[in-house]
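**Student:** Mind folding the following:
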Amino acid sequence: MPCLHFKSIIEYSAAIIYNVSAMNVSTQAILSEGFSCPIRDVLWGHVYFTPELAALTNSAPFARLHRILQLGPVYRVYPGATHTRASHSIGVYHLGRRLLQNLAERGADWMSREGALSFLCACLLHDLGHFPYTHSLKELSLRSHESLTGSIILAEPIKSLVGNCGADPALTAAIVDKELISNGNSTELHFYRKLLSGCLDPDKLDYLNRDARYCGVPYGVQDVDFILSRLIPCPERGTDIDSRLIPNVEAILFAKYLMYRTVYWHRQVRAATSMIKKALLDSLESGKIAGEELYGLDDQGLFDLLRAKTGRQEARILAEAVWKGELFAAAAELPFTEAAHACLRDVSQRSRYEEQLAGEFRRAGIPLAPDDLVIDIPEPVSFETGLFVFDEHRSFAESSSAFKAETLDSFVNTLYTIRIFINPDFCEKIETLPELYDILTIGKLWLRS
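**Tutor:** Prediction:
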């Protein structure tokens, strides 16, 4: 099936209006008939399910998502950010259904009934394996949450519930977990994977809008109606765009940058994230906690496990401090350098540098214990632009957009700030320490080594 490229936007629009016979009527029926069960969502209003799809939201694996905050510790800074992975998943499902409806109208006749329903299940269930407390566990030596999600979908009770929807559990799991192979139509699988993960995917369109709403900030709000109305189906790339969507893509890229800078990676959020990450790393390396014990936890369960397994260790002290809201303060912020990030990217090696820096403070007369200092470096982040602008006959990166590769690189470089967090009990002494500049200069030197 060739991509739907036309000589001009006018010709394409005319084809949509007048060539009604090209619409995939059967797919349209699949996506409209039987959706009689509404769930009220704060962001999108009534979200409609079939009874079988609604049953997935009542399952035990999905119920866990109600107990995981979408943004983890962000509520410490933005008190309204108490929405959950469950509400986000319902939003992704809703936008995924709208996306398929729009693409079916524009000639995506390669979608089968089973494939379309499998994609809707994948949208709804894509976070089933997500870890608690946002991305505190992301850099640890654990299975990816996509892999965990795939395993949950292929196990009971989800496997049977997905089958009851008219979907294929193997295809649903493979859409989420790209390490899996489905025995079905490989072209259709590739198409749905592209839809679920890309620059204009339903996941991103929901979380940017939802997170902005609950945090009370304007940065993430996107014109979803216009975006969905202009997407062009392509089996190889998922969707293409025309040049009229370029400003919307730019808005999404800049919104993502602003949300990371002001919300997701706010310094207090980074403090909580790095403290939990250090507590978990210490517990894993000491053997107090096995990696498998972290799978399937909710937010409360994560803290309960740390309390139960770590006794009076430093890991428990750090976790309890986060639980009580006693977050470490930023003693220093170091700008992005390739050498520093390469040096600190390995989370298992980071503790060695923390001990080295803490030792410099102890030599200056400030008795920092091993758990009183944390070095934080944000996780890798990307700004996806893998779109094709069909009326300009070139990729988005080569299009008339102002967002060139160097612009996106500068986004990343600005966001990647290395922070040194200190137990607040020592902040006053550190701030008045005559040797502070020298110690931080030493820190910069070994970060570049």
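**Student:** Now Asp371: closest residue in space, sequence neighbours ignored.
**Tutor:** Glu314 (3.5 Å; CB to CB, 6 or more residues apart in numbering). For glycine as for every other residue, the C-beta is placed from the backbone atoms N, C-alpha and C.
**Student:** How about Phe119?
**Tutor:** Tyr192 (4.5 Å).
**Student:** Just give the number of residues close to that neighbour.
**Tutor:** The number of residues packed near Tyr192 is 28, by other CB atoms under 10 Å.
**Student:** cool, and the one 10 residues further on?
**Tutor:** When neighbours are counted by other CB under 10 Å, Pro202 registers 26.
**Student:** which stretch of helix or strand covers the closest residue to it other than its chain neighbours?
**Tutor:** Once flanking residues are discounted, Pro202 sits nearest to Leu95: 3.6 Å by CB to CB, 6+ apart. Using DSSP states H and E, Leu95 sits within helix 85-105.
**Student:** How about Arg419?
**Tutor:** Arg419 belongs to strand 418-422, assigned by DSSP H and E.
**Student:** Which strands and helices lie in contact with the next helix or strand after that strand?
**Tutor:** The first helix or strand that comes after strand 418-422 along the chain, using DSSP H and E, is helix 427-431. Secondary-structure packing of helix 427-431 (3 or more CB pairs under 8 Å, 6 or more residues apart in numbering; DSSP states H and E): strand 329-334.
**Student:** tell me the angle of the strand it packs on relative to strand 418-422?
**Tutor:** 160 degrees (axes from the mean of the first three to the mean of the last three CA atoms, to 10 degrees).
**Student:** now the helix or strand just after strand 329-334: mean pLDDT?
**Tutor:** Towards the C-terminus, the helix or strand next in line after strand 329-334, according to DSSP H and E, is helix 338-344. Helix 338-344 comes out with an average pLDDT of 75.
**Student:** re earlier: would you check that the residue nearest to Pro202 makes contact with Lys204?
**Tutor:** No - Leu95 is not in contact with Lys204 according to CB atoms under 8 Å; the separation is 9.5 Å.
**Student:** These two - which one has more neighbours?
**Tutor:** Neighbour count, other CB under 10 Å: between Leu95 and Lys204, Leu95 has more, with 23 against 20.
**Student:** residue ranges for the helices of the stretch 251-400 of the chain, please.
**Tutor:** All helices of the stretch 251-400 of the chain, identified by DSSP state H, counting those that start in this stretch, fall at 267-286, 299-310, 314-324, 338-344, 347-363.
**Student:** can you list the weak-confidence ranges in the stretch 151-300 of the chain?
**Tutor:** 184 (pLDDT under 70).
**Student:** do that again at 90, thanks
**Tutor:** Within the stretch 151-300 of the chain, the segments meeting pLDDT under 90 span 181-187, 198-199, 219-220, 281-282, 285-286.
**Student:** so where do the strands sit in it?
**Tutor:** Per DSSP state E, counting those that start in this stretch, the stretch 151-300 of the chain carries strands over the ranges 232-234, 238-240.
**Student:** Would you mind giving those strands as a markdown table with mean neighbour count added?
**Tutor:** Output for the strands of the stretch 151-300 of the chain, formatted as a markdown table (neighbours: other CB atoms under 10 Å):
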| stretch | mean neighbour count |
| --- | --- |
| strand 232-234 | 23 |
| strand 238-240 | 25 |
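**Student:** Compare those and give me the one nearest Ser112.
**Tutor:** strand 232-234 (14.2 Å; CB to CB).
**Student:** Adjacent strands (with direction) for the closest one?
**Tutor:** Pairing partners of strand 232-234, with direction, according to DSSP bridges: strand 238-240 (antiparallel).
**Student:** Give me the contact list for the partner strand.
**Tutor:** 3-5, 103, 191, 193-195, 198, 200, 231-234, 387-390 (CB atoms under 8 Å, 6 or more residues apart in numbering).
**Student:** Can you tell me which of the strands of the stretch 151-300 of the chain is nearest to Cys123?
**Tutor:** Of all the strands of the stretch 151-300 of the chain, it is strand 238-240 that lies closest to Cys123, at 13.5 Å by CB to CB.
**Student:** Ala251 is nearest to which of the strands of the stretch 151-300 of the chain?
**Tutor:** Using CB to CB, those put strand 238-240 closest to Ala251, at 16.8 Å.
**Student:** How far does that closest one sit from its chain's centre?
**Tutor:** Here strand 238-240 is found 21 Å from its chain centre; the criterion is CA atoms, centre = their mean, to the nearest Å.
**Student:** Same question for stretch 285-303.
**Tutor:** 20 Å.
**Student:** buried residues in it?
**Tutor:** Buried residues in stretch 285-303, defined by neighbour count with 16 or more other CB atoms under 10 Å: Lys288, Ile289, Glu293, Leu294, Tyr295, Leu297, Asp298, Asp299, Gly301, Leu302, Phe303.
**Student:** One more: stretch 238-257?
**Tutor:** Buried residues in stretch 238-257, counting neighbours by 16+ other CB under 10 Å, are found at 238-242, 245-246, 248-253, 255-257.
**Student:** Equivalent analysis for stretch 356-376, please.
**Tutor:** So stretch 356-376, judged by 16+ other CB under 10 Å, has buried residues 357-358, 360-361, 364, 366, 368, 371-376.
**Student:** which of those lies closest to Arg85?
**Tutor:** Asp376 (23.4 Å).
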